[in-house]
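Peer 1: give me a 3D structure for the following:
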Amino acid sequence: MMREWARHLLAYEAVAATTSLQTGSPTFRVYEKLRLPAMPLVGVDGFQVLAARALKLAKSNAPSLSAVHITALGCLSGFGPIEPQTEPESDRHRDAGVIFIAHLFGLFSNLPRRSYNAAAGSRCFSFLRAGNRIGQFHAF
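Peer 2: Presented below is the predicted three-dimensional model:
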């Protein structure tokens, strides 16, 4: 289920990149849309740990992620170009992105409810509900 949500969101971002001059890979953009509202919920260090763990899990399934890392501030580094997208992402990179984002979703879904308040959590996970309505996905 997590992979399907990740696949839907990355597909939406790939289409959005062709209709505008958005920067970064679809995986990078989905990650940023998750990172920004999640930071206040779990803190910078908490998010960095979760993202690093998701990346480590994903690297075992997708060796193409070997150059990717999570910075001390929780930023994603080494995943795709920063310039506007002019060509579609390769299947290998797209699949690696799906695996990484799915692992991140999985780690967040396993957080104890007491570690973040319900209102903030629902804001953070609104993109999951949007995954079923791809055309209605918006930035946070």
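Peer 1: so where's the chain uncertain?
Peer 2: By pLDDT under 70, the weakly predicted segments of the chain are 17-22, 80-93, 113-140.
Peer 1: now the strands for it?
Peer 2: Assigned by DSSP state E, the chain shows strands spanning 69-70, 76-77.
Peer 1: of those, which stretch is the most buried?
Peer 2: strand 69-70 (a mean of 18; mean count of other C-beta atoms under 10 Å). Backbone N, C-alpha and C define where each C-beta goes, glycine included.
Peer 1: which residues are in contact with that one?
Peer 2: 48, 51-52, 55, 76-78 (C-beta atoms under 8 Å, 6 or more residues apart in numbering).
Peer 1: and it, which strands flank it?
Peer 2: Using DSSP bridges, the strands paired with strand 69-70 are strand 76-77 (antiparallel).
Peer 1: buried subset of the contacts of strand 69-70?
Peer 2: If you count burial by 16 or more other C-beta atoms under 10 Å, the buried members of the contacts of strand 69-70 come out as 48, 51, 55, 76.
Peer 1: restricted to helices, list those residues.
Peer 2: 48, 51, 55 (DSSP state H).
Peer 1: was I right to think the first one contacts residue 55?
Peer 2: Right, the one you point to is residue 48. No: assessed by C-beta atoms under 8 Å, residue 48 is found out of contact with residue 55, at 10.5 Å.
Peer 1: ok, the closest residue in space to residue 47 that isn't next to it in sequence to residue 45 distance?
Peer 2: In this structure, residue 47 finds its nearest non-sequential neighbour in residue 74, 4.5 Å apart by C-beta to C-beta, 6 or more residues apart in numbering. Computed with C-beta to C-beta, to the nearest Å, the distance linking residue 74 and residue 45 is 8 Å.
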